[in-house]
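Peer 1: sequence first, then the predicted structure, then my questions.
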Amino acid sequence: MAQVAEWSDFPSKQERLEQMKKLLENTRPTGEMLAVLEKLETSAADVGTAACIRPAEPGSAGVLSAAGQTLAQLLKRPEVSHIAVAFTLGGLEIDLPVASFN
């Protein structure tokens with residue numbers, strides 16, 4: 001019986017995943033969002049690899065060079081984690097897909 005309930009939740013999970021995918025593919029980070037990511041990257045250099053953004057490679061331009069790219073492209077960079085992007089998305093006035101846990 002539990003499998004039936006889990007299966008009935010599957011279409012809504014797929015819909016939330018599709019909404020998030022579209023959001024990441026269509027949203028370009030603002031200057032403010034990039035500044036927050038740059039600040040996280042700078043603090044990551046002090047903290048080490050446990051931070052949500054790895055320090056940029058020596059000689060690279062860092063997160064600020066991502067201006068004009070989508071969030072999906074930004075997530076492909078090794079120095080940016082999904083946690084950091086989620087942190088910056090929290091400041092946007094958008095409807096994020098949210099799961100309901102009943």
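Peer 2: Thanks, I have the structure now. Residues are numbered from 1 along each chain as shown.
Peer 1: quick one: the helices in the chain?
Peer 2: Under the criterion DSSP state H, helices of the chain are mapped to 2-26, 31-47, 71-74, 82-89.
Peer 1: tell me which of those is the most buried.
Peer 2: Of all those, helix 71-74 has the most neighbours on average by mean count of other Cβ atoms under 10 Å, namely a mean of 18. C-beta: built from backbone N, CA, C; applies to glycine.
Peer 1: which secondary structure elements does it contact?
Peer 2: In terms of contacts (3 or more Cβ pairs under 8 Å, 6 or more residues apart in numbering; DSSP states H and E), helix 71-74 is packed against helix 2-26, helix 82-89.
Peer 1: could I get the ones you listed as CSV with distance to residue 76 and mean pLDDT?
Peer 2: Formatted as CSV, the helices and strands packed on helix 71-74 follow (distance: least, Cβ to Cβ, whole Å; pLDDT from 0 to 100):
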stretch, distance to residue 76, mean pLDDT
helix 2-26, 11, 85
helix 82-89, 11, 79
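Peer 1: which one of the ones you listed lies closest to residue 38?
Peer 2: helix 82-89 (10.4 Å; Cβ to Cβ).
Peer 1: counting by contacts, list what that closest one packs against.
Peer 2: helix 31-47, helix 71-74.
Peer 1: which one of the ones you listed has the poorest average confidence?
Peer 2: Mean pLDDT values for these show the minimum at helix 31-47, a mean of 72.
Peer 1: who's in contact with residue 88?
Peer 2: 29, 33, 36, 37 (Cβ atoms under 8 Å, 6 or more residues apart in numbering).
Peer 1: what's the farthest-apart pair in those residues?
Peer 2: 29 and 36 (9.0 Å).
Peer 1: quick one: contacts for residue 73?
Peer 2: With Cβ under 8 Å, 6+ apart, residue 73 has these contacts: residue 66.
Peer 1: ok, back up a step: to residue 65, which of the helices of the chain lies closest?
Peer 2: Closest to residue 65 of the helices of the chain, according to Cβ to Cβ: helix 31-47, at 9.2 Å.
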